[in-house]
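Student: Need coordinates for the following:
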Amino acid sequence: MKGSNTIYRKNFSLIVIFLILVSATLIISLLVAYRFTAQNVENDFTAKKNSVVDHTVNAYSDFFNNKIPEITSYAGLLDSALAANYADSVFHDFNFVTNIVFYQVVVGNQGQVPAGKNNLGISIKSTYQYYPQNGKVKGQKSESEINENDFKQMADKLRAYIAVYDTSKGPGQDALFETFYNVRPGKISYLNEPTPEDLKTYHDLQKNGRPTSFYTNQNMMTFYLDPHRLKFKNTHPELYQHISLEQIIYDPPDIDRTKTITDEVALTGAFSNYKLYFSSPRDYLNPEIFHRFMPVGGIILLIYFFFIVIGWLIYRNLNVNIKLFKLQYDFINNFTHEFKTPVSVIKIAGSNLKGDNKLTDRQRKHYGRILDEEADKLNELMNKLLSFTQLENKSIQIKKDKIDIDHFVKGYIDTFKIKYPDFKLSYNINKAQFFYTDAILLGSIFQNLIENAYKYSHPEKKELFINIMLEKRNIIFSFIDKGIGIPKNELNNIFRKFYRLENQYNQNGSVGLGLAFCKELVNFMAGEISVKSKVDRGSEFVVTFPYEN
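Tutor: I've put the predicted structure just below:
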């Protein structure tokens, strides 16, 4: 009778279906990613126009917020020469300012003025006009008051402000802006801000309405601005092909929205009757879309090839499993015969070792030392594992005895000096003489930390300093070595059970239980353990217990 075929079969149709599904997923993912990328670029076209506007009006903002208020620093003492110098600095730094009118203003009641009628004597002493020409400032005195309406508006605003001025509180920022600035399309008027003392005087003059011989000067300037002289920088040339300055009422001709994308942003302040108009053919955005799509497409292709590799590994593993199946079958059949040979050899070797064959003293000592060392290692490992189990199950009872700290520490130092003659050990005890604790458990902590300090130190720097001190209600044991140190990213791992640092000192003889055992003991004894370390500089382990004397 023919046995059943137990060998794995290759199904090529499944492989083909897998490739088709993965490839279809790839194409759909690429199309969706490209569409989302294109939408993201269009969203940026709308969102990032504000950065262009910010760069465009940056000079205007500097002029409005910093340059214009400089007039106040003259405290009303500007004359035609100083005003010309000021105008020269404005024309030099802000070329969108085309003309400046300077008013010397006098404040004071020259005649009887009805009290309480929101009135105050404010008049023009002289008017000057400045404009740039051939790189220089040209100025002329104007007998006819240029644009007297600008002055009247500012005078009325000043009177209205003084009428409600609270002499006890002083001026507020919002009120100052509304009073001393007058912003209209194409021009800005500014009257220097009086001092609080002047404002109080103006308030008294307006309140009583009596004539006075007291007069004070104010400076007023009107700046004429040309928005077409604004310098705007296309900070996103990958998005905007054309940027133009248009009047706010500008209505572009009919355009095909499927081929061109547009947007606009209105300017503010003295340029509020203008806007920036952005437009780009959609084809112009294709390079940016492709540029952003490339990383996404690359990741999708990487995932695609990852699945292809996974599929190939699965296919290869099927072939390997065929061979493993046969090997497993042969192994089971030959297991009994092949296993008997090493068992027989071990048995014979054991019989020879306990037989009558004589061994030299050197051989016996050698074998004895090896067996003793290996037995110690196994015994230490089993003891630690057993102790871990007892600590975790809380089956250990703490037996508190009064220990002499100096005698206790000196005993361990003497022991390790005998064990490691090249180990430099020292200690210091500050204020602590006796301590009630479990001497065996505390000794285990000392033994592990001292052993680690020796093991993880360079041969020429095997040093350890133990510092013991009282601090408030705690006794602190500090173990300070000059060893190889611990990397910062490993400090949170060293107290984990079976965790070992990868270094030249940890290749053999460590199972990762020492520090974990210390932490369990310290926690069990209601204490805390911490570590500070620098690579190649050394480590400091600090063990803190509640102090009972």
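Student: ok, and the helix or strand in this structure with the lowest average confidence?
Tutor: helix 361-392 (a mean of 54; mean pLDDT, DSSP states H and E).
Student: Toward the C-terminus from that one, list the very next helix or strand.
Tutor: strand 401-404 (DSSP states H and E).
Student: Report the buried residues of that next one.
Tutor: For strand 401-404, the neighbour count (16 or more other Cβ atoms under 10 Å) marks Ile403 as buried. (Each C-beta comes from the backbone N, C-alpha and C, glycine too.)
Student: list the helices and strands that strand packs on?
Tutor: strand 434-437, helix 439-455 (3 or more Cβ pairs under 8 Å, 6 or more residues apart in numbering; DSSP states H and E).
Student: Quick one: mean pLDDT for it?
Tutor: Strand 401-404 carries an average pLDDT of 90.
Student: Show me the residue sitting in the middle of this structure in space.
Tutor: Nearest to the mean C-alpha position of the chain, counting by Cα atoms, centre = their mean, stands Asn489 at 18.6 Å.
Student: what about that residue, distance to Thr258?
Tutor: Here the criterion is Cβ to Cβ, to the nearest Å. By it, Asn489 lies 55 Å from Thr258.
Student: Bridged to the nearest residue to Tyr427 once chain neighbours are set aside, which residues?
Tutor: The shortest distance from Tyr427 to any non-neighbouring residue, by Cβ to Cβ, 6 or more residues apart in numbering, is to Ile466 (4.1 Å). When bridges are called by DSSP bridges, Ile466 pairs up with Tyr427, Phe479.
Student: tally of neighbours for Ile466?
Tutor: 21 (other Cβ atoms under 10 Å).
Student: Equivalent analysis for Phe290, please.
Tutor: Neighbours of Phe290 (other Cβ under 10 Å): 14.
Student: likewise Pro252?
Tutor: Number of residues near Pro252 (other Cβ under 10 Å) recorded here: 12.
Student: Check the one 4 residues further on too.
Tutor: Asp256: 8 surrounding residues under other Cβ under 10 Å.
Student: Please tell me how far it sits from Ile486.
Tutor: Asp256 is 68 Å from Ile486, by Cβ to Cβ.
Student: One more: Leu176?
Tutor: Taking Cβ to Cβ, one finds Leu176 at 62 Å from Ile486.
Student: Also Asp62?
Tutor: 54 Å.
Student: Who has more neighbours out of those two?
Tutor: Ile486 (20 against 13).
Student: quick one: average confidence on stretch 37-52?
Tutor: 90.
Student: actually stretch 189-198, sorry about that
Tutor: 87.
Student: Quick one: low-confidence residue ranges for this structure.
Tutor: 1-12, 110-119, 143-147, 167-172, 208-214, 322-395, 497-500, 502-513, 549 (pLDDT under 70).
Student: pretty sure Arg404 contacts Tyr436?
Tutor: One correction, residue 404 is Asp, not Arg. No - if you go by Cβ atoms under 8 Å, Asp404 and Tyr436 don't touch, sitting 11.5 Å apart.
Student: Now do the helices in this protein.
Tutor: 12-47, 49-62, 80-93, 148-163, 173-180, 196-208, 286-353, 361-392, 405-419, 439-455, 514-524 (DSSP state H).
Student: buried set for stretch 58-72?
Tutor: Result for stretch 58-72 [16+ other Cβ under 10 Å]: buried residues 59-60, 63-64, 67-68, 71-72.
Student: who touches that stretch?
Tutor: 78, 86, 89-90, 93-94, 96-97, 181, 188, 190, 192-193, 219, 221, 223, 225, 230-231, 269-271 (Cβ atoms under 8 Å, 6 or more residues apart in numbering).
Student: With just CA atoms, put it into CSV.
Tutor: C-alpha atoms of stretch 58-72 as CSV (Å, rounded to 0.1, in the frame of the first residue of the first chain):
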residue,chain,number,x,y,z
ASN,A,58,7.4,94.4,7.7
ALA,A,59,9.0,97.8,6.7
TYR,A,60,5.6,99.5,7.1
SER,A,61,5.2,98.0,10.6
ASP,A,62,8.7,99.2,11.6
PHE,A,63,7.9,102.6,10.3
PHE,A,64,4.5,102.8,12.1
ASN,A,65,5.6,101.3,15.4
ASN,A,66,9.1,102.6,15.8
LYS,A,67,9.9,105.5,13.4
ILE,A,68,6.8,107.6,13.7
PRO,A,69,6.8,107.6,17.6
GLU,A,70,10.3,109.1,17.5
ILE,A,71,8.6,112.5,17.0
THR,A,72,7.5,112.3,20.6
